[in-house]
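Novice: pasting the sequence and the predicted model now:
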Protein chains: 2
Amino acid sequence: MSTIAIVGATGAVGQEMLECLDQRNVPFDELVLLASARSAGKRIPFRGQELVVRELTHDAFEGIDIALFSAGGGISKEFGPSAAKAGAVVIDNSSAFRMDADVPLVVPEINGDAAFNHPRNIIANPNCTTIVSLMALAPLHRAFGLKSVIGSSYQAVSGSGAQGIAELDTQAKAYAADEEITPSVYPVQIFSNAIPLIGSMTETGYTDEEMKLTKEGAKILDLAGLKASITCVRVPVMRSHSVAITAQFDRPVSVDAAREAIDAFDGVQVIDDPANGKFPTPLDCTNRDDCLVGRIRPSLVLDNALDLWVVGDQVRKGAALNAVQIAELLIARGN
Amino acid sequence: MSTIAIVGATGAVGQEMLECLDQRNVPFDELVLLASARSAGKRIPFRGQELVVRELTHDAFEGIDIALFSAGGGISKEFGPSAAKAGAVVIDNSSAFRMDADVPLVVPEINGDAAFNHPRNIIANPNCTTIVSLMALAPLHRAFGLKSVIGSSYQAVSGSGAQGIAELDTQAKAYAADEEITPSVYPVQIFSNAIPLIGSMTETGYTDEEMKLTKEGAKILDLAGLKASITCVRVPVMRSHSVAITAQFDRPVSVDAAREAIDAFDGVQVIDDPANGKFPTPLDCTNRDDCLVGRIRPSLVLDNALDLWVVGDQVRKGAALNAVQIAELLIARGN
C-alpha cells in the first residue's frame, strides 16, 4: 500500500485524478492534496470525507510514495526533483521531462513495462493528443509496422485546463445573451470558431504541440524513424480530443484486419458503421476511459495506408486516467 | 442587361445571393425571387424596395436570362431543365448536374472560361468545401503541378442551410440556459461536439461529400489523375469552412514560392505569421469574399509537399458569391 500525493489537486486534471482514484478503487493508505498557497486550506470531498488541500512546498513530499503532478511544466521542474529526492516516484503530466532519455514516457497499454525503469524517480505522462492518437496507432503499428502519420486534430478547450472550459462556457453564454464576446484565454474567440495554432512555433513551421506526436510517438512506440506531420486545431468542444489520421504502414493493411487489431487492444474500441449512423464523437467519449476509433478506410492517396478518426477524453485518458494507470502499475509491483 | 431569377430566395444561400448582387452592383434590369408555395407572397427588402416572392412553377422562367438555383438537388432536377428550356442560363448550386460531362463546373478565378460553354444552358456551382480548398490549391497547381491531396475539414453548420445555423443557435442557447439539448437537424448534438460524417456513405468507405473534392476537383482543375483522401467533419462553427490540407506536387515546392503563388491569385489571401498570432480563422472569413490561407509549411512526411490551412465563408464564396460571380461573367459577355 502507498501514500499518494496529487500536485495541482484543484485543477481540471487534478480533480479528474481524484475521480479516477475513486472509481477505479485504487488501493492506497493516504491521499495528500497539494496546490498553490492560494488554494491551500480548501476542502475537497473524497469518498465521503473532506480532504484539506495543503500548500505545495519542497518539504511536502516526506513519506509520499507516488506524486501525481499536474500543475504545469514550471511547477514540475521546480518541485518534481524535490519529490523524487524525498523518495516519491513522480508521475508528471507536464512536458517538462518527457523527452529526457532517463525518464520513461508511458502509456500503460502500449509500453507499461517502461514505467519500472525510472532512474530519476520520474515518469512522464505523454501529451494528450499523442496519447489519443497512439491508442489507435499502437495496435496498428504492431500488426502492420507504422511508417508515417498525417493528422489534423480537433482539440477540446479542456486541453487548456479549467480556464479553457470556463472560456468556452462564458462565450457560449455571452452569445446566448447577445452580449459581446471578449477573448481572454485564447487570442481570438473560440465559440463558433476554430484556432489553427496550439503551442509555440518552432523553426520547422510546426508548433511544439504539433511536433509532440513525432517526438513522443517515436519514444513511446520505440520507433526512431517515425515521420509525422500534424496540424493542431482548437475547436469549440468542452472536452475530448479528436484526430483525423492518415497512417501509412510498412506492410499491406485491410480495414477488417485493422478493426480486429484495434478491438483486441486494451483501452480502445471500434465504433465504425457510419452507414447506420455509428461513428465516435467527442461527446460519446466524455467521461469514458476507452478511446474510440471509427471511419477506418483505405487511403485513396497513399499505398498501405488507412484513414481513420480517433477520439479520447482529453481530461481522462489524455491526462488523469493515464497517470493513475501508471500509478496502478507501480502499486501492483510495490512501486 | 438581364433579368435574373433566384430560386430558393428565402434560404440562407438565396439571401446571401441578394446581398452579393447588391454589394457588387451587379447590373440587371429585373430581379425575380422564386420559392416554394409556402414562401410565396413573402416580401424581401432589396435596394430600398420590397420584392414579393413568387411561387416556383415550371412556367416561372419566361423572360428570365439567368436563373440562380439554390433550393436543393431535387428542385434543381425538377425545375432546372424547365428554366433552361425557357431560355435562361441556370447557375445551379446543388450537386444535381455537377459531374455531367456537358455541364461546366466553374470557379470563376480558376476556370471562368468554362462558363461560356454550356450546351444545356446549365452551369454548376461546385461543392463549398471543394471551392474553398481549390482556392488555395489552384494557384499551387499552376506553379508546381498538383499530384494529391489529403485533407480534413472543419465544416460550419451553414453548410446545412438556415436550419443548420438555427440548430447550433438553439443548442448554444439551451446550453446557456442549462436546458436539455435535443438534436433535430443533425443525428447527434453539434454544440460542443464534432461529427465525422457528412453526406451519404459510398462503397469506397468515404462519403459522397468526401469524394466531391476528388471528382469535382479533377473536373475544375482539368486534372484527371488527381488523388484525394478527405475526412469531412461538421464542427460547431456558424459559417466559414476550414480545411487542413497536405498537398503533394510534381515539382519541388518552397513555402515562399507557395505564398507568392497564392497571394498573386484573385480571391485568396495569405495570412501566415503564426509566431505573431497571424493565422486565418472561420470568424475572420465570415462575410468576406476572399478565402484565407495560413500555416503554409513543408510536409514532414511527403516529398514535394506542403501542409496548409485554408478558410472560406461557406455561404459566400462556398455558394452564393461563386454563383453570382458566374452570373457576372455571363452578363459581361451578354450571356
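Specialist: Yep, that arrived.
Novice: A:Ala84 - that's part of a strand, no?
Specialist: No. Read with DSSP: H, G, I helix; E, B strand; the rest coil, A:Ala84 is helix and lies in no strand.
Novice: right, and it touches A:Pro119 too?
Specialist: No. Counting by Cβ atoms under 8 Å, A:Ala84 does not reach A:Pro119; the two are 10.1 Å apart. No exception for glycine: its C-beta is placed from N, CA and C like everyone else's.
Novice: contacting residues around A:Leu140?
Specialist: A:146, A:247, A:249, A:253, A:258, A:261-262, A:306 (Cβ atoms under 8 Å, 6 or more residues apart in numbering or on different chains).
Novice: higher neighbour count, A:Ala84 and A:Pro119?
Specialist: A:Ala84 (19 against 9; other Cβ atoms under 10 Å in any protein chain shown).
Novice: how much space between that one and A:Gly73?
Specialist: 16 Å (Cβ to Cβ, to the nearest Å).
Novice: what do you get for A:Asp272?
Specialist: From A:Asp272 to A:Gly73 the distance is 36 Å (Cβ to Cβ).
Novice: who's more crowded, those two?
Specialist: A:Asp272 (22 against 16).
Novice: circling back: from the contacts of A:Leu140, which would you call buried?
Specialist: Among the contacts of A:Leu140, those classed as buried by 16 or more other Cβ atoms under 10 Å in any protein chain shown are A:146, A:247, A:249, A:253, A:258, A:261-262, A:306.
Novice: could you export those residues as CSV, including distance to A:Tyr175 and secondary structure?
Specialist: As requested, the buried ones among the contacts of A:Leu140 are arranged in CSV below (distance: Cβ to Cβ, whole Å; DSSP: H, G, I helix; E, B strand; the rest coil):
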residue, distance to A:Tyr175, secondary structure
A:Leu146, 41, strand
A:Ala247, 37, strand
A:Phe249, 44, strand
A:Val253, 43, coil
A:Ala258, 40, helix
A:Ala261, 43, helix
A:Ile262, 38, helix
A:Leu306, 38, strand
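Novice: list the residues that contact the closest residue to A:His118 other than its chain neighbours.
Specialist: Using Cβ to Cβ, 6 or more residues apart in numbering or on different chains and skipping residues adjacent in sequence, the residue nearest A:His118 is A:Pro104, 5.8 Å away. When contacts are counted by Cβ under 8 Å, 6+ apart, A:Pro104 touches A:111, A:114-115, A:117-118, A:123-124.
Novice: for A:Pro104, give me phi and psi.
Specialist: The phi/psi pair for A:Pro104 (degrees, to the nearest 10) reads phi -70, psi 150.
Novice: for chain A, give me the ranges with low pLDDT.
Specialist: Scanning chain A for pLDDT under 70 picks out A:1, A:335.
Novice: any idea what A:Ile66 is bridged to?
Specialist: In this structure, A:Ile66 bridges to A:Ile4, A:Val89 when assessed by DSSP bridges.
Novice: my read: A:Val13 touches A:Gln314, true?
Specialist: No. Taking contacts as Cβ under 8 Å, A:Val13 lies outside contact range of A:Gln314: 9.2 Å.
Novice: those two: which is more packed in?
Specialist: A:Gln314 (32 against 27).
Novice: tell me where the stretch 1-150 of chain A has strands.
Specialist: Along the stretch 1-150 of chain A, counting by DSSP state E, counting those that start in this stretch, strands occupy A:3-7, A:30-35, A:43-46, A:49-52, A:54-55, A:66-69, A:89-92, A:122-124, A:146-154.
Novice: parallel or antiparallel, list what pairs with the last one.
Specialist: In the sheet, strand A:146-154 lines up against strand A:227-231 (parallel), strand A:241-249 (antiparallel) (DSSP bridges).
Novice: in the longest helix along chain A, what's buried?
Specialist: With secondary structure taken from DSSP state H, chain A has its longest helix at helix A:128-144. Residues A:128-141, A:143-144 are the ones in helix A:128-144 that count as buried (16+ other Cβ under 10 Å).
Novice: next, the distance between the ends of stretch A:95-105.
Specialist: End-to-end distance for stretch A:95-105, by Cα to Cα, to the nearest Å: 10 Å.
Novice: for stretch A:193-212, same thing?
Specialist: With Cα to Cα, one end of stretch A:193-212 sits 24 Å from the other.
Novice: for chain B, tell me whether that stretch is touching it.
Specialist: Yes. Part of stretch A:193-212 sits near chain B under the criterion Cβ under 8 Å from any Cβ of the partner chain, namely A:193-197, A:201, A:204-207.
Novice: going along the chain, name the helices of chain A.
Specialist: A:12-23, A:73-85, A:108-111, A:128-144, A:162-176, A:208-221, A:255-263, A:282-285, A:321-332.
Novice: so of those, which one's packed in deepest?
Specialist: helix A:128-144 (a mean of 25; mean count of other Cβ atoms under 10 Å in any protein chain shown).
Novice: what's the angle between that one and helix A:12-23?
Specialist: 60 degrees (axes from the mean of the first three to the mean of the last three Cα atoms, to 10 degrees).
Novice: hang on, A:Gly63 packs against A:Thr3?
Specialist: Yes. Contact status for A:Gly63 versus A:Thr3: in contact at 5.7 Å, counting by Cβ under 8 Å.
Novice: the more surrounded of the two?
Specialist: A:Thr3 (17 against 13).
Novice: check contacts around that one.
Specialist: A:28-32, A:63-66.
Novice: state the distance from it to A:Ala60.
Specialist: Separation of A:Thr3 from A:Ala60 (Cβ to Cβ): 12 Å.
Novice: overlap in contacts, the two.
Specialist: A:Val32.
Novice: nearest to chain B: which residue in the stretch 101-250 of chain A?
Specialist: Nearest residue of the stretch 101-250 of chain A to chain B: A:Gly205, at 3.0 Å (Cβ to the nearest Cβ).
Novice: count of neighbours near that residue?
Specialist: Quick note: A:Gly205 (other Cβ under 10 Å) scores 18 neighbours.
Novice: ok, it to A:Thr231 distance?
Specialist: In this view, A:Gly205 and A:Thr231 are 11 Å apart by Cβ to Cβ.
Novice: and the closest residue to A:Glu19 other than its chain neighbours, how far from A:Glu16?
Specialist: Counting by Cβ to Cβ, 6+ apart, A:Glu19 lies nearest to A:Ala320, which is 7.5 Å off, once chain neighbours are set aside. Using Cβ to Cβ, A:Ala320 is found at 4 Å from A:Glu16.
Novice: hmm, back to that, ok, the residue of the stretch 101-250 of chain A closest to chain B touching B:Ser299?
Specialist: No. The pair A:Gly205 / B:Ser299 is not scored as a contact, 10.0 Å apart, by Cβ under 8 Å.
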